[in-house]
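Engineer: Okay, sequence plus prediction incoming.
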Amino acid sequence: MKMHILTAICSLIFIGCNPKTENTQVKEDSLKTEFSLPKKLKEVSGIALSQDQKTIWAIEDAGNKNVVYGLNRQGELTTDVLVENSENNDWEDITKDAAGNIYIGDFGNNENDRQNLSILKLDLKTDSQKSTKVIQTTKFHYEGQTEFPPKKSNLLYDCEAFVEKDGNFYLFTKNRSKGFDGTFLVFQIPNKEGNFEAKLVGKLKLEGGYTDAAITSATINSKNQIVLLNHKNINVLSGFTANDFSSAKVQKIPLNHNSQKEAIVFIDDKTLLIADEKDKKTGGNVYQFSLK
């Protein structure tokens, strides 16, 4: 009997000192809450940083206003900027180019049946503005999509994530196919006024189920690294070229935190801001995460 008690005590001591448990705790601590979003922003779908890095621009998706919200770095709402000449069909991400121009991706396409997909360039410069206008509309359709919608096994044409690089937009699709396997497509579109066929430049696969691998936002840094966001992870893409993403290296980094994360932006080459949607009990925050 004494031997059984001794064995049990030793087992408890061993579990308490398990290095895997310590490592998990360290990873959990690496996602730090910066601030809670204002109550009116319950469905943030994208964030971008102004060129002077003082303003966080935020948008919401379908069913919400055609407004870009400006927050200061402490999370306080500083302005509501009305986009005068555009509707919010389904705004799913916001990004900027190297010159600081701001773009909205109006390409949410849950049912894969939209034929009015576009990217909107805004005349948005400062948080003192009360309104802005679309000054360039890049309309597009996807190379390879011939049915609207396709079969349920091929719902690969929703999108919630894009970046701008060297005069092109790169879109990373959200897989909604029956039998989800983590596959996503990468499309290239010129950053110009007009109506274009989005060129397929990559087909890749992320590990895990829907919350591990369905892409909800993207951001790029000066080192040519692209980070793709999921509810549970980020995935760092590197080793791609302008016209070929097929051989890109993908590094999966668990966040050890599960929420409806919908927006991500680099604030420097190693530091990210991540926003999630407000649920009844969780979310509605902006977090900071540092790449190793």
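Structural biologist: Alright, I've got the coordinates.
Engineer: ok, residue 185 - how many residues close by?
Structural biologist: 23 (other C-beta atoms under 10 Å). Bear in mind the C-beta positions are built from the backbone N, C-alpha and C, glycine included.
Engineer: Go ahead and produce CSV holding the CA coordinates of the helix or strand where it lies.
Structural biologist: Element membership for residue 185, per DSSP states H and E: strand 183-190. C-alpha atoms of strand 183-190 as CSV (Å, rounded to 0.1, in the frame of the first residue of the first chain):
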residue,chain,number,x,y,z
THR,A,183,-5.9,24.0,-49.8
PHE,A,184,-5.8,27.6,-50.8
LEU,A,185,-5.1,29.5,-54.0
VAL,A,186,-2.9,32.6,-54.6
PHE,A,187,-3.9,35.1,-57.3
GLN,A,188,-2.1,38.1,-58.7
ILE,A,189,-3.9,41.2,-60.0
PRO,A,190,-2.3,44.4,-61.2
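Engineer: buried set for it?
Structural biologist: 184-189 (16 or more other C-beta atoms under 10 Å).
Engineer: What separation do you get for residue 267 and residue 103?
Structural biologist: For residue 267, the distance to residue 103 equals 18 Å [C-beta to C-beta, to the nearest Å].
Engineer: before we move on, what about residue 175?
Structural biologist: Distance check for residue 175 against residue 103: by C-beta to C-beta, it reads 23 Å.
Engineer: Assign residue 153 to helix, strand or coil.
Structural biologist: Of the three states, residue 153 takes helix under DSSP: H, G, I helix; E, B strand; the rest coil.
Engineer: how many neighbours does it have?
Structural biologist: The burial count for residue 153: 9, using other C-beta under 10 Å.
Engineer: can I assume it is in contact with residue 178?
Structural biologist: Yes - using C-beta atoms under 8 Å, residue 153 is in contact with residue 178, at 5.4 Å.
Engineer: Need the nearest residue in space to residue 137, chain neighbours excluded.
Structural biologist: Leaving aside its chain neighbours, residue 137 sits nearest to residue 118 (5.5 Å; criterion: C-beta to C-beta, 6 or more residues apart in numbering).
Engineer: in stretch 263-280, what's buried?
Structural biologist: 263-266, 272-278.
Engineer: Same question for stretch 238-250.
Structural biologist: If you call a residue buried by 16+ other C-beta under 10 Å, then stretch 238-250 has these buried ones: 240, 245, 248.
Engineer: Now do the phi/psi pair for the last one.
Structural biologist: Per-residue torsions, residue 248: phi -60, psi 140 (degrees, to the nearest 10).
Engineer: hang on, it packs against residue 236?
Structural biologist: No - with contact defined as C-beta under 8 Å, residue 248 and residue 236 do not form a contacting pair (9.8 Å).
Engineer: And the helices in the stretch 51-200 of the chain?
Structural biologist: Applying DSSP state H, counting those that start in this stretch to the stretch 51-200 of the chain gives no helices.
Engineer: end to end, how far does stretch 61-75 reach?
Structural biologist: 19 Å (C-alpha to C-alpha, to the nearest Å).
Engineer: List the contacts of it.
Structural biologist: 34-38, 41, 43, 45, 53-60, 77-83, 86-92, 94, 102, 104, 108, 122, 124, 127, 132, 262, 286 (C-beta atoms under 8 Å, 6 or more residues apart in numbering).
Engineer: try 6 Å
Structural biologist: 35, 43, 45, 55-59, 77-83, 86-88, 90-92, 108, 127 (C-beta atoms under 6 Å, 6 or more residues apart in numbering).
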